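Student: Turn this into a structure:
(2 chains)
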Protein chains: 2
Amino acid sequence: MVFHNFTELRASLGRQEKRTAAVVCAHDETTLKALEQCKDQVSAVLIGDEKKIRGLTDLPYEIIPEEDMLTAARKGVGLVREGKADFLLKGKLDTSLILKAVVDKEHGLRTGRLISHLAFLELPGYHKLVVLTDSGMVIRPDLEQKKEILLNAVDTLHKMGYEEPKAGLLAAVEKVNPRMPETLDAEELTRLSREGKLAGCYVEGPLSYDILMSPESAKKKGYESRIVGDADILMVGDMATGNILGKALTITAKGKMAGIIVGAGAPVALTSRGSKPEEKVNSILLAAAGCR
Amino acid sequence: MVFHNFTELRASLGRQEKRTAAVVCAHDETTLKALEQCKDQVSAVLIGDEKKIRGLTDLPYEIIPEEDMLTAARKGVGLVREGKADFLLKGKLDTSLILKAVVDKEHGLRTGRLISHLAFLELPGYHKLVVLTDSGMVIRPDLEQKKEILLNAVDTLHKMGYEEPKAGLLAAVEKVNPRMPETLDAEELTRLSREGKLAGCYVEGPLSYDILMSPESAKKKGYESRIVGDADILMVGDMATGNILGKALTITAKGKMAGIIVGAGAPVALTSRGSKPEEKVNSILLAAAGCR
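Tutor: Numbering: from 1, shown residues only, chains lettered A, B, ... in the order given. Modelled structure (predicted):
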């Protein structure tokens, strides 16, 4: 199966047992409002300033009082380790603190995999959700890290019910050019995929954005491929490219975005400071779907 | 003055003496149709396969018969050098061939400046044309090259009548981070600007796309600056970022784009293989405006 939009993602969650979020520093109006909007799909344990939380919401969830931010993050991680929560949701604290608790060697959620960011986008003119990675965690991944980033995306999509996600490796051009290292990495990842070393997905690149996202452009350029106009994953060469692309797609192209961090034992739902309330809601739904 | 859209750019050309394009390998239907649509604003000399040209158009311009592509490009450059044409327009040949003639040390149009690409974008939700650079020529510019790329954009805008263009230096973040070289370069360019070493423009960065292009995001993040929501130039750290961004803005955000190559003695109007006829028209108008 494939999700065509966030509405469909929400509907799919209604058909399964509710997942539970461990909400770190839950004394945050935006986060609590987002949780209210997901209450039919997602349950929660709220960690944070109890008095403030009670002043902001009537949600009937258990509250674990904890005002220290890092301790709150550690308690959230503990809930996931004990099976009392399925994923983490960031409230009023910096992403770096929640990640510190996640990657803690003794008490964290490390799995040996690289931690990376997935941005799910619902775009005008595109028929399904597409995952952009990595636009928020790994600054300048090498080939080995790109492989992990790709597999993190593929694993999450598998958990969501996708069978064989298609990943397009973005570059400025379709031809391999030694002066553009991202095209060399893309060629190598495509080769690994063809040799069956990246199981459960279809990988192709380097591809320019127009070839990948506009069947009309691909036709004009004489490029034929089953990924053209049908990619599930857009992988970029470095974080700056992904970050700028993702923001252009939401701000100027008016796409909807949701973001989670994956590669640890459980997804972490988060949104950036400038994001809209709807983004937070969709990120929660996404994290719930990605921890199946 | 500032151009709010391509229609305004076209109108401004009607108020001045017509500029003349030297059209290299003019036996190309798209190019000739585009020229027809600009005939009130731009004149031309057509270099190429005379028989084919006559079969494709009734435009009353002089035809210089020349079927060899590189020789045609050289003849086009010659026309500019002799003052018989003001800019070059690419017809049915590879960009690399026209550039070969442009950068020829003895007979070309070199000025000692770096050659770079400017993509002018008319974007939904943005109130004026914005220049994206460099998304098509310089793969991975160093600081010195970035300075030249920036000044090429500023010079062109000055020729078009802009007084003090504002340039935003794009990155994933607003804070300088030594692990993100583009933020260091942005900081240095901003410093040079503050010290008056980049005259005739306002430069600021590193800036994330959301801060730069969404006053709402900037407000949420508490970022105040006179460039927020009002940039004339978006400068990227490398070509891949610019290329992917530009295509996302045209394909997914449905923006209109026009492209020219600058830094030589005359602009070169060109469009990529996959682009729309309207893009070619706007590129011609842009080159005519940029050679004032």
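
Student: Please save the CA atoms from the host helix or strand of A:Asn282 in PDB.
Tutor: A:Asn282 is part of helix A:277-290, with elements assigned from DSSP states H and E. Output in PDB follows, covering the C-alpha atoms of helix A:277-290 (Å, rounded to 0.1, in the frame of the first residue of the first chain):
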ATOM      1  CA  PRO A 277       0.200  23.400  13.900                       C
ATOM      2  CA  GLU A 278      -0.900  21.100  11.100                       C
ATOM      3  CA  GLU A 279       2.700  20.000  10.600                       C
ATOM      4  CA  LYS A 280       2.900  18.900  14.200                       C
ATOM      5  CA  VAL A 281      -0.400  16.900  13.900                       C
ATOM      6  CA  ASN A 282       0.800  15.100  10.800                       C
ATOM      7  CA  SER A 283       4.200  14.400  12.400                       C
ATOM      8  CA  ILE A 284       2.500  12.700  15.300                       C
ATOM      9  CA  LEU A 285       0.300  10.600  12.900                       C
ATOM     10  CA  LEU A 286       3.400   9.700  10.900                       C
ATOM     11  CA  ALA A 287       5.400   8.600  14.000                       C
ATOM     12  CA  ALA A 288       2.500   6.500  15.000                       C
ATOM     13  CA  ALA A 289       2.400   4.900  11.600                       C
ATOM     14  CA  GLY A 290       6.100   4.400  11.400                       C
END
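
Student: What average pLDDT does that helix get?
Tutor: Here helix A:277-290 scores 94 as its mean pLDDT.

Student: Equivalent analysis for stretch A:191-210, please.
Tutor: Stretch A:191-210 comes out at a mean pLDDT of 96.

Student: Just the buried residues of that stretch, please?
Tutor: A:193, A:198, A:201-210 (16 or more other C-beta atoms under 10 Å in any protein chain shown). Any C-beta I mention is one placed from the backbone N, CA and C, and that applies to glycine too.

Student: Between the two ends of that stretch, how far is it?
Tutor: 22 Å (C-alpha to C-alpha, to the nearest Å).

Student: What spatial separation is found between the residue in the stretch 51-200 of chain A positioned nearest to chain B and A:Lys219?
Tutor: Closest contact between the stretch 51-200 of chain A and chain B, by C-beta to the nearest C-beta, is at A:Ala172 (3.7 Å). Counting by C-beta to C-beta, to the nearest Å, the gap from A:Ala172 to A:Lys219 is 20 Å.

Student: Between those two, point out the one with more neighbours.
Tutor: A:Ala172 (26 against 14; other C-beta atoms under 10 Å in any protein chain shown).

Student: Could I get the pLDDT score of the nearest residue to the more buried one once chain neighbours are set aside?
Tutor: Setting aside the residues directly before and after it, A:Ala172 is nearest to B:Asn243 in space (C-beta to C-beta, 6 or more residues apart in numbering or on different chains), at 3.7 Å. pLDDT recorded at B:Asn243 is 97.

Student: returning to that earlier point: where does the helix holding A:Asn282 sit relative to the chain's centre, distance-wise?
Tutor: Relative to its parent chain, helix A:277-290 has a centroid offset of 9 Å by C-alpha atoms, centre = their mean, to the nearest Å.

Student: Please list the residues outside that helix that contact it.
Tutor: A:6, A:9-10, A:12-13, A:19, A:21, A:30-31, A:33-35, A:37-38, A:41-42, A:86-89, A:118, A:120, A:156, A:159-160, A:256-260, A:262, A:267-271 (C-beta atoms under 8 Å, 6 or more residues apart in numbering or on different chains).

Student: wait, what's in contact with A:Leu70?
Tutor: A:97, A:100-101.

Student: on that earlier part again, for the helix holding A:Asn282, which positions count as buried?
Tutor: Buried, per 16+ other C-beta under 10 Å, within helix A:277-290: A:279-290.
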